Every structure is written in structure tokens, then in C-alpha cells.
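coords please:
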Amino acid sequence: MNTLKNYLTSMSLISVILFSSCNPEEEIPAIGGIGEGKMGIAFVLKNNRLNAENARTSNSAISIESGFIQIKELELDLELKGSWNSDDDDKDGSYSKEIEIEFKDIKKITFDELDKSTDFFINIPEGEYKEIELEIDLIDYKNEPSIFFEGKITSANGTIKPFKFEYFGDDIDFEVEIEKRDDSYFTIDRINNPLALFEINAINWFKNVSLTELDEANSTDGVVIISKNSNKSIFEKVRKNIKASSEIEVYLD
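Below you'll find the model as predicted:
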């Protein structure tokens, strides 16, 4: 798999990197969608193997060690070069196509860069693309949250406490737009199989949570639970940060 130099690192949530010339059948299983082209989806947690001391940011003492999201469906809005002989044709010689992929079972994606079992390719039409809009619809399932991550909080006096963040609901979706910076086309076919690598920098979701708030957070059996029912003030700040950073624009050079 060859790495392209086209990438974006989001300040808040996700960085997306595209790769080419890989064999998805050998690397990652394909599920759903239509067509002979393939686009991969993979998730990792940034700095998920750093300890609390060296994972600190200027305004928090939190390390994020693991987590997951649960996906209900994917919605893709594709803009390709050519003609579809439909009312969706644009004057610039491109056409639009929408694809919805609803998983037979809710797909639980863990944030582990070593776990390839939860990564996957989706089938999309071969062609030259002007833009891909990808919406990832989340949902809670089987009493598990739609967004979950856990780690450790280091207090001002050096005390370390485990914490868990739990978000139940389906009103937060991740939306990604991928296009060339110069407004030209990029190719997806049986050989060029982009892999969208979502690198989640969850520490930035705590950017306006103070050390005092973390130190004074309530614990249950020694664990700080951050949810709509526990440590609500911190939960609301993190929830708003997640929602505010859920729309990503990616420009390929």
C-alpha cells in the first residue's frame, strides 16, 4: 500500500489520509455499496498508547486509552466526471450519485490501530471523482453508547483516577467532504483504493474543561463517569466539542 502525501490534520477531531494501490481483498474486508471501485474506512485513536504524563495538553490532564463508536449506516454523496443521463447532470460535465449503506448489524468500531478486524472497504463506482461527501450515522445499541472512550485523569496532586465518557443517542453524525484543492478530479477504481483513516484526537474534546473541574469530578466506585447523568457540566462541554468538530473538509493537493 503506497501512501499519498495528500492529507489533512483536523485541529479538533479527525485527520484523513488517502492511500492508493492496495488490494482490499487481502487487507480489509469489503461490505455493502455498489460498483467495482472501493474506498476504505479505518479508525485509530491518536496518542492512545501514551501515558497520562506525556499525553497532557495545556489545559487538561487526561490520557485517552481506548474507545469505540457504533455505526448505524453510511450515506455517501458522490460527484463524478461524466454523464449519468439524469437530471443530476451538472453543466461542468459531472454527475451526482447517492449511496446509502445500512449495516445488517450495528457496526461497532474500536479505536485500535492494531485491530484490522473492524476496518472495512465499501464498494463505490469506478471513476474520476470531483467530491465525496461521507456521513457516518451513529447510534447506541445493546445498552452501549454510540460514542465511548476511557482513560485516566491525573489530578493536580498527582493522583490518577480512571474515567469513562459515554454518549447515548443518534443526533451526532460525522460528516467528511473530500475534494481536490484545485477543484480537479481524483481517481478511484479497482487499483486505486483510497483508505480514509480517521485519527480521532479525543483529548481536544476536553479543550475547555479545567483542571479544577477534573479534580472535583464525582467518582463511582473509584471511576469518574462522564455522561448525561453524571458530571453533567463536563459532559455538556465535551458533547458540544464533539458536535462542533464533527464536520470535516479534506483538500487533496
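
I'd say residue 230 and residue 221 touch.
No - look at residue 230 against residue 221 with CB atoms under 8 Å: they stay out of range, at 11.9 Å. Any C-beta I mention is one placed from the backbone N, CA and C, and that applies to glycine too.

the more surrounded of the two?
Legend: neighbour count by other CB atoms under 10 Å for residue 230 and residue 221, higher for residue 230 (17 against 6).

which residues touch that one?
Counting by CB atoms under 8 Å, 6 or more residues apart in numbering, residue 230 makes contact with 218, 220.

is it in a bridge, and if so with what?
In this entry, residue 230 is beta-bridged to residue 227, by DSSP bridges.

any idea of the pLDDT on it?
If you check residue 230, the pLDDT there is 97.

host element of the residue sitting nearest the centre point of the chain?
Centroid-nearest residue in the chain, with CA atoms, centre = their mean: residue 198, separated by 4.5 Å. Taking DSSP states H and E as the criterion, residue 198 maps to strand 195-200.

joint contacts of residue 230 and residue 221?
In contact with both residue 230 and residue 221: no residue, using CB under 8 Å, 6+ apart.

quick one, what contacts the closest residue to residue 106 other than its chain neighbours?
Spatial nearest neighbour of residue 106, excluding adjacent residues (CB to CB, 6 or more residues apart in numbering): residue 141 at 4.1 Å. By CB under 8 Å, 6+ apart, the residues touching residue 141 are 70, 106, 108.

equivalent analysis for residue 219, please.
Contact analysis of residue 219 by CB under 8 Å, 6+ apart lists 161, 225.

circling back: could you identify which of the contacts of residue 141 has the most neighbours?
Taking other CB under 10 Å as the neighbour criterion, residue 70 ranks highest of those with 20 neighbours.

packing partners for the host helix or strand of that one?
Assessed by DSSP H and E, residue 70 sits inside strand 62-81. Here strand 62-81 touches strand 37-45, strand 94-110, strand 120-124, strand 127-138, strand 147-154, going by 3 or more CB pairs under 8 Å, 6 or more residues apart in numbering; DSSP states H and E.

redo that, cut-off 7 Å
Where contact means 3 or more CB pairs under 7 Å, 6 or more residues apart in numbering; DSSP states H and E, strand 62-81 is packed against strand 94-110, strand 120-124, strand 127-138, strand 147-154.

all strands for the stretch 151-253 of the chain, in order.
Here the stretch 151-253 of the chain has its strands, by DSSP state E, counting those that start in this stretch, at 160-167, 173-180, 186-188, 195-200, 224-226, 247-252.

looking at the ones you listed, which is nearest to residue 208?
Taking CB to CB, strand 224-226 is the member of the strands of the stretch 151-253 of the chain nearest to residue 208, at 14.0 Å.

pLDDT on the closest one, on average?
The average pLDDT within strand 224-226 is 97.
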